[in-house]
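Asker: Fold the stuff below for me.
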Amino acid sequence: MRRVNIQDLKINMVVARPIYSSDGRILLQAGVALNENYIKRLHDMGISSVYIKDDYFDDISDIPDVVSVKTRIETTKTIRDNFQNLEKKHKLNTRAVKN
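Answerer: Numbering: from 1, shown residues only. Alright, predicted model coming up:
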């Protein structure tokens, strides 16, 4: 498994880890072969890189995340909510940001 920049993805590369949206929904499961539509959609959604299966790095399959998926999703949601709140009410929830 290796991490590949979205610009370098090619058709038929196989996703090695699930890809999540900013609200925590799974966009693509591990094992899915990429096609042109998937790659374009990931690019349009702002996904910057994807873990893909790779014969050269096949024995490296369990790379630990520095930040858990749960923490990443919660942080993204908090930031998005705060920006929306700041835009609408001109208030920032600093406690949520600190947490």
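
Asker: could you pull out the helices for this structure?
Answerer: Shown for the chain, the helices assigned by DSSP state H span residues 36-44, 69-89, 94-98.

Asker: could I get these as JSON lines with mean neighbour count, mean pLDDT and distance to residue 29?
Answerer: The C-beta positions use only the backbone N, C-alpha and C, and glycine is treated the same way. Shown next, in JSON lines, are the helices of the chain (neighbours: other C-beta atoms under 10 Å; pLDDT from 0 to 100; distance: least, C-beta to C-beta, whole Å):
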{"stretch": "helix 36-44", "mean neighbour count": "13", "mean pLDDT": "95", "distance to residue 29": "11"}
{"stretch": "helix 69-89", "mean neighbour count": "12", "mean pLDDT": "84", "distance to residue 29": "13"}
{"stretch": "helix 94-98", "mean neighbour count": "10", "mean pLDDT": "79", "distance to residue 29": "31"}
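
Asker: Let me know the distance separating residue 3 from residue 68.
Answerer: 17 Å (C-beta to C-beta, to the nearest Å).

Asker: okay, those two: which has more neighbours?
Answerer: Shown here are residue 3 and residue 68; by other C-beta atoms under 10 Å, residue 3 has more neighbours (14 against 10).

Asker: wait, isn't that one in contact with residue 51?
Answerer: Yes - Residue 3 lies in contact with residue 51 (C-beta atoms under 8 Å); the separation is 5.4 Å.

Asker: quick revisit: and of the helices of the chain, who's closest to residue 21?
Answerer: When the helices of the chain are compared by C-beta to C-beta, helix 69-89 sits nearest residue 21, at 8.7 Å.

Asker: Could I have the CA atoms of that closest one written out in CSV?
Answerer: Below are the C-alpha coordinates for helix 69-89, written out as CSV (Å, rounded to 0.1, in the frame of the first residue of the first chain):
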residue,chain,number,x,y,z
VAL,A,69,-10.4,8.7,11.2
LYS,A,70,-12.9,9.5,14.0
THR,A,71,-10.8,12.5,15.2
ARG,A,72,-10.2,13.7,11.7
ILE,A,73,-13.9,13.6,10.9
GLU,A,74,-14.9,15.3,14.2
THR,A,75,-12.3,18.0,13.7
THR,A,76,-13.4,18.7,10.1
LYS,A,77,-17.0,19.0,11.3
THR,A,78,-16.1,21.3,14.1
ILE,A,79,-14.2,23.6,11.8
ARG,A,80,-16.9,23.6,9.1
ASP,A,81,-19.6,24.3,11.8
ASN,A,82,-17.6,27.2,13.2
PHE,A,83,-17.0,28.8,9.9
GLN,A,84,-20.7,28.6,9.1
ASN,A,85,-21.6,30.0,12.5
LEU,A,86,-19.0,32.8,12.1
GLU,A,87,-20.4,33.7,8.7
LYS,A,88,-24.1,33.7,9.9
LYS,A,89,-23.9,34.9,13.5
